[in-house]
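*Asks:* The sequence and its predicted three-dimensional model are supplied below.
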Amino acid sequence: MGSLKLEPARSRPDLLAVPVAKALAVWPTEAPIDGDQVMVAPIDAGLADTAAFCAAYDVGLDVSANCVIVAGKRGEAVRYAACIVLATTRADVNGVVRRRLDVRKCSFASMDDAVQMTGMEYGGITPIGLPPDWPILVDSRVVATPHVIIGAGVRHSKIAIAGPALGALPGAEVIEDLARPIA
């Protein structure tokens, strides 16, 4: 995976946000979510944003996944979810995501809300270790990718994981065309 120096994530909790380390500690060791196969690599925190990271570490946008937190509203109720999409695509927040959450309005969650509710750093949020009642919406392109790079909950590292494992996370739902290709 490019020039990343990967190590087993369970052996490097210093490279993980606390909720991510806790989630990995209880992950099963069988397919498709073999916790022993989740890898982590340190990176320069100043290069955590997708384009800069991919360029600096020779990782293709087609194997780099983003986890975006969305908030949908229906009346006074707010529903949160995570969307996992490849960096070559953008989540269809106002279409597919809004309908899936059954809300009238849907948008990206504010940075403050996303950080406070996940216990992770903005720019490093990952689906591993999210609040258990949140749906994790995974674009089918992510699951079709043998291995992807995604945040580790902090800006100074990235996780390498099998794409199919993201679709098998607790609360995950694989959705065809959750995202649209970037033109």
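*Replies:* Looks like it arrived, so ask away. Numbering: from 1, shown residues only.
*Asks:* Contact partners for Ile128?
*Replies:* Going by Cβ atoms under 8 Å, 6 or more residues apart in numbering, Ile128 touches 20, 23-24, 38, 153, 159, 169. C-beta here means a position set from N, CA and C on the backbone, and glycine is covered the same way.
*Asks:* what's the closest of the residues you listed to Leu101?
*Replies:* Leu169 (17.5 Å; Cβ to Cβ).
*Asks:* who's in contact with that closest one?
*Replies:* Residues near Leu169 by Cβ under 8 Å, 6+ apart: 33, 127-128, 136, 138.
*Asks:* neighbour-wise, which of the contacts of Ile128 leads?
*Replies:* The most crowded member of these is Val20, carrying 30 neighbours; neighbours defined as other Cβ atoms under 10 Å.
*Asks:* still on that earlier bit, buried ones only from the contacts of Leu169, please, as a PyMOL command.
*Replies:* This is how PyMOL selects the buried members of the contacts of Leu169, with burial counted by 16 or more other Cβ atoms under 10 Å:
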select buried, resi 33+127+128+136+138
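*Asks:* Take the contacts of Leu169 and lay them out in JSON lines including distance to Ser3 and pLDDT.
*Replies:* Formatted as JSON lines, these follow (distance: Cβ to Cβ, whole Å; pLDDT from 0 to 100):
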{"residue": "Ile33", "distance to Ser3": "27", "pLDDT": "65"}
{"residue": "Pro127", "distance to Ser3": "24", "pLDDT": "96"}
{"residue": "Ile128", "distance to Ser3": "23", "pLDDT": "95"}
{"residue": "Ile136", "distance to Ser3": "29", "pLDDT": "97"}
{"residue": "Val138", "distance to Ser3": "27", "pLDDT": "98"}
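*Asks:* Including distance to Met120, could the contacts of Leu169 go into JSON lines?
*Replies:* Below are the contacts of Leu169 laid out as JSON lines (distance: Cβ to Cβ, whole Å):
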{"residue": "Ile33", "distance to Met120": "19"}
{"residue": "Pro127", "distance to Met120": "10"}
{"residue": "Ile128", "distance to Met120": "10"}
{"residue": "Ile136", "distance to Met120": "14"}
{"residue": "Val138", "distance to Met120": "18"}
